[in-house]
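[1] Requesting a structural model of the entry that follows:
(chains A and B)
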Amino acid sequence: MRTFFHLWRREMASYFRTPVAYVIGAFFLAITGFGFWMLAARLAQGTAEGDLAGALFGSPWYWLAMLVVTPLLTMRLFAEEQRMGTLEMLLAAPVREVEVVLAKFAGAYATFLLLWGPTLAYASILRRCGGQLPPIDWGPVAAGYLGTALIGSFFLSAGLLCSLLTRHQAVAAMACLATLVLVLAAGWLPTYLHVAQIQEAVRVLAASRHMQDFSAGVIDTRTVVWYLGATVLLLFISIRLLEARRLR
Amino acid sequence: MAEAEILIDVENLTRRFPRCEALGGISFQIRRGERVGVLGPNGSGKTTTLRILATVLAATSGRVWVAGFDALAQSLEVRRRIGYLPENVPLYPEMRVEEFLAFRGRIKGLRGTRLAARLREVVEQCGLGDCAKRPLGTLSRGFRQRTGLADCLLHEPDVLLLDEPLAGLDLAQVHALRQLLRETGGHRTVLFSTHVLAEAEALCPRVLILNAGRLAAADSPANLIQASGAAGFEETFLRLTTLPPKVQNPPARRNGA
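    Purely as a prediction, here's the structure:
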């Protein structure tokens, strides 16, 4: 556990000692802030209801932020260490592969959650400025954050796995982006495919549909189990791949 | 006097990569306190041997024991007892020297006053006092090498595995590092690869000469010169490494592992 903590601390330092976290953070806040500004503008014109959860988690801006931020956070995790050779030095120390993978994941996940921190202020801003607005429904907002945490863990574990498979950060980022786009596109497939079994199967994958449910305040246990299970599976595969690296 | 315990025991070690065989069944033993140089032309298998001993690469067949532990099945125990310096000394550029060493000490299990004391000792031993606060990314090759060596020495391992520790250093740095390698011996086993024959001859009572993945010779430089009838170590080395490897290779035991 101590080793995990020391590895995690190094991961966090590698984000915040370099411009990485700040560049990603600026981009992320610009995107989510723009989505919030659009909501505020619509509210001021009286063309929208005070649907904060919908504006934060149901808009295209939300998915743009997720699709860009995830590869940027994960692409360097293993690819950079493999390219520089530091992974070899790390694995020659008495650390377990499981500790390395979990510490890297925890570092990326903590940074991801920190990015979402400032968006908590949006609700407060709406309450202060929107005297005429109906009260905010906190249920969907809380469910939206829960959904973001779950989808984020799945996305980040997919990105971590992509980073483990290559020495090139750009390749890792593109592979991660392609995977995430595929997961999102699964949500649109039932519209075009009229085979019941396929529709049911892709519905399980469809992150956009899951987020629609979360931002409406609906927490489906199957969805929660799916994201937790998928994250654990991807991290398990990453650990085994890292262990198998010695055989290559 | 009883012989020192065997700290490195390699038996019929083979390593194949998809397009080549890097090691073709080498066997050797190294005892506690020995300082052994691994020599050979490019592609002879020096780095592969060191990487397998450091547990970062698995053998295709054969057995490797380090400090009494199986390098494959008990790799964590092996890693607790070795200090490994890869060829290009990969370091995290954004970390400072003392911060990097503290991080490495912690993941190697050092804590509190012992960690602080060991940090002071290795910084002094490796001459890093003046650059302890500098980011690793700004260090010269020589200081990177020293930082890597300080990391190897931190947890006082039984075995030091150093891949080309003298490569790319200027004369003064080579001299300082040679002195450091002499000092770090004692009860510790040091196995290092080098291209510089004079360094191996001066530093190592015994050398292993690899050629095309086979062990061409394993003895002291003086004995090898005498056995070959050559004028010097350089000529001996050339004779051993330019003959076809099969002629020189001792018959390898096949364990089918």
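[2] going forward, measure contacts between C-alpha atoms and count neighbours the same way
    Noted.
[3] Which residues of chain B lie near chain A?
    Contacts of chain B with chain A, taken as Cα under 8 Å from any Cα of the partner chain, map to B:17, B:54-60, B:76-77, B:79-80, B:84-86, B:90-92, B:94, B:103, B:106-109.
[4] among these, which ones are buried?
    B:54-60, B:76-77, B:79-80, B:84-86, B:90-92, B:94, B:103, B:106-108 (16 or more other Cα atoms under 10 Å in any protein chain shown).
[5] out of everything not next to it in sequence, what's closest to A:Ala40?
    A:Leu126 (7.8 Å; Cα to Cα, 6 or more residues apart in numbering or on different chains).
[6] now do A:Ala93
    Nearest to A:Ala93 is B:Arg79, by Cα to Cα, 6+ apart, at 5.6 Å.
[7] Quick check: the gap between the residue in chain A that chain B sits nearest to and A:Arg128.
    Closest residue of chain A to chain B, Cα to the nearest Cα: A:Arg246 (4.2 Å). Separation of A:Arg246 from A:Arg128 (Cα to Cα, to the nearest Å): 58 Å.
[8] And those two? Which one has more around it.
    Neighbours around A:Arg246 and A:Arg128, counted as other Cα atoms under 10 Å in any protein chain shown, are more numerous at A:Arg246. The numbers are 17 against 9.
[9] three-state assignment of B:Ala22?
    Three-state call for B:Ala22 (DSSP: H, G, I helix; E, B strand; the rest coil): strand.
[10] In this structure it contacts B:Leu13, no?
    No. Using Cα atoms under 8 Å, B:Ala22 makes no contact with B:Leu13, being 10.2 Å away.
[11] ok so, going back, is the residue nearest to A:Ala93 located within a helix, as I assumed?
    Yes. Membership of B:Arg79 in a helix is supported by three-state DSSP.
[12] ranges for the helices of the chain?
    Picking chain A for this. A:2-16, A:20-45, A:52-57, A:60-74, A:76-84, A:86-91, A:97-116, A:120-129, A:138-164, A:169-185, A:189-192, A:196-205, A:207-215, A:221-244 (DSSP state H).
[13] should've been chain B
    B:46-53, B:75-80, B:97-107, B:112-125, B:141-153, B:171-183, B:197-203, B:221-228, B:233-242, B:245-248.
[14] Which elements pack onto the fifth one?
    When you say that, I think you mean helix B:141-153. Contacts defined by 3 or more Cα pairs under 8 Å, 6 or more residues apart in numbering or on different chains; DSSP states H and E place helix B:141-153 against strand B:82-85, helix B:97-107, helix B:112-125.
[15] Between helix B:97-107 and that helix, find me the angle.
    Calculated by axes from the mean of the first three to the mean of the last three Cα atoms, to 10 degrees, helix B:141-153 forms an angle of 20 degrees with helix B:97-107.
[16] Contact partners for the residue of chain B found nearest chain A?
    Nearest residue of chain B to chain A (Cα to the nearest Cα) works out as B:Leu57 at 4.2 Å. For B:Leu57, the contact set (Cα atoms under 8 Å, 6 or more residues apart in numbering or on different chains) comprises A:245-248, B:48, B:51.
[17] Counting neighbours, what do you get for A:Ala55?
    The burial count for A:Ala55: 21, using other Cα under 10 Å.
[18] if we can go back for a sec, among the helices and strands packed on helix B:141-153, show me which one is buried the most.
    strand B:82-85 (a mean of 28; mean count of other Cα atoms under 10 Å in any protein chain shown).
[19] Format the CA atom coordinates belonging to that strand as CSV.
    Provided in CSV are the C-alpha atoms of strand B:82-85 (Å, rounded to 0.1, in the frame of the first residue of the first chain):
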residue,chain,number,x,y,z
ILE,B,82,19.9,-6.0,-6.9
GLY,B,83,20.8,-2.5,-8.1
TYR,B,84,20.3,-2.2,-11.9
LEU,B,85,21.6,0.6,-14.0
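[20] Adjacent strands (with direction) for that strand?
    strand B:159-163 (parallel) (DSSP bridges).
[21] Go ahead and name everything in contact with the strand it pairs with.
    Contacts of strand B:159-163 (Cα under 8 Å, 6+ apart): B:7, B:47, B:50, B:53-54, B:67, B:81-87, B:152-153, B:188-194.
[22] circling back: B:Ala22 and B:Leu13: who's more crowded?
    Taking neighbours as other Cα under 10 Å, B:Ala22 and B:Leu13 compare with B:Leu13 leading, 25 against 21.
[23] need the contact list for the more buried one.
    B:23-27, B:59-64.
[24] Which residues does it form beta bridges with?
    Where B:Leu13 sits in a bridge, its partners, by DSSP bridges, are B:Ile26.
[25] separation between it and B:Leu53?
    From B:Leu13 to B:Leu53 the distance is 11 Å (Cα to Cα).
[26] Mind listing the shared neighbours of those two?
    Joint contacts of B:Leu13 and B:Leu53 (Cα under 8 Å, 6+ apart) are B:Val64.
[27] which stretches of chain A have low pLDDT?
    Along chain A, the model assigns pLDDT under 70 to residues A:46-50, A:130-134, A:189-193.
[28] rerun at 80
    A:1, A:39-55, A:58, A:123-124, A:126-137, A:186-205, A:247-248 (pLDDT under 80).
[29] Could you do chain B as well?
    B:1-4, B:167-170, B:172-173, B:176-177, B:180-187, B:242-257.
[30] number of nearby residues for B:Leu53?
    30.
[31] That one and B:Leu72 touch, don't they?
    No. Counting by Cα under 8 Å, B:Leu53 stays clear of B:Leu72, with 9.4 Å between them.
[32] Need the overlap of contacts for these two.
    With Cα under 8 Å, 6+ apart as the test, B:Leu53 and B:Leu72 both reach B:Val64.
[33] List the buried residues of stretch B:128-135.
    B:128, B:131-132, B:134-135.
[34] what about dumping the CA coordinates of that stretch to PDB?
    Extracted as PDB, the C-alpha positions of stretch B:128-135 are listed here (Å, rounded to 0.1, in the frame of the first residue of the first chain):
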ATOM      1  CA  LEU B 128      26.100  14.600  -6.100                       C
ATOM      2  CA  GLY B 129      26.200  17.200  -3.400                       C
ATOM      3  CA  ASP B 130      26.400  20.200  -5.700                       C
ATOM      4  CA  CYS B 131      23.600  19.200  -8.000                       C
ATOM      5  CA  ALA B 132      21.200  17.600  -5.500                       C
ATOM      6  CA  LYS B 133      18.600  20.300  -6.100                       C
ATOM      7  CA  ARG B 134      18.900  20.300  -9.900                       C
ATOM      8  CA  PRO B 135      16.300  18.800 -12.200                       C
END
